[in-house]
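Chemist: just coords:
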């Protein structure tokens, strides 16, 4: 089974995004930190990762750097209320599929997820 992993230190974001994706047919797993996600066995079954830029502990760009160093080619969609142009550029240069500025519309999230996974409306 493949999962969409939601990595955000804000519980309300994890819950809201998780509920939206479940209603669109995706199976989700949530993590409150980059460290928790990187240590999880679920990482091997990640279809895509929705990743916050600024979190307690390891930041989103650091998680991306670690995944790249381990040659894990998991599609990343960044989410942030703090997405200045430099951060967006660095995320995209290092392989992010897209960068969503919070707050974002549900359709924008679903479109980005579709782009990242090649799936339409949560189905293969």
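Modeler: Happy to help now that I have it. Here the structure is a predicted model, which means the values were calculated and not measured.
Chemist: hey, what's the residue nearest to residue 100 when sequence neighbours are not counted bridged with?
Modeler: By the measure of C-beta to C-beta, 6 or more residues apart in numbering, the closest residue to residue 100 outside its immediate chain neighbours is residue 79, 4.9 Å from it. C-beta here means a position set from N, CA and C on the backbone, and glycine is covered the same way. For residue 79, the beta-bridge partners under DSSP bridges are residue 52, residue 100.
Chemist: contacting residues for residue 79?
Modeler: If a contact means C-beta atoms under 8 Å, 6 or more residues apart in numbering, then residue 79 has 8, 13, 17, 50, 51, 52, 53, 99, 100, 102, 104 as its contacts.
Chemist: Burial check on the fifth one, number of neighbours?
Modeler: I take that to be residue 51. For residue 51, the number of neighbouring residues by other C-beta atoms under 10 Å comes to 28.
Chemist: so who does residue 22 touch?
Modeler: residue 28.
Chemist: So for it, what's the pLDDT?
Modeler: According to the prediction, residue 22 has pLDDT 96.
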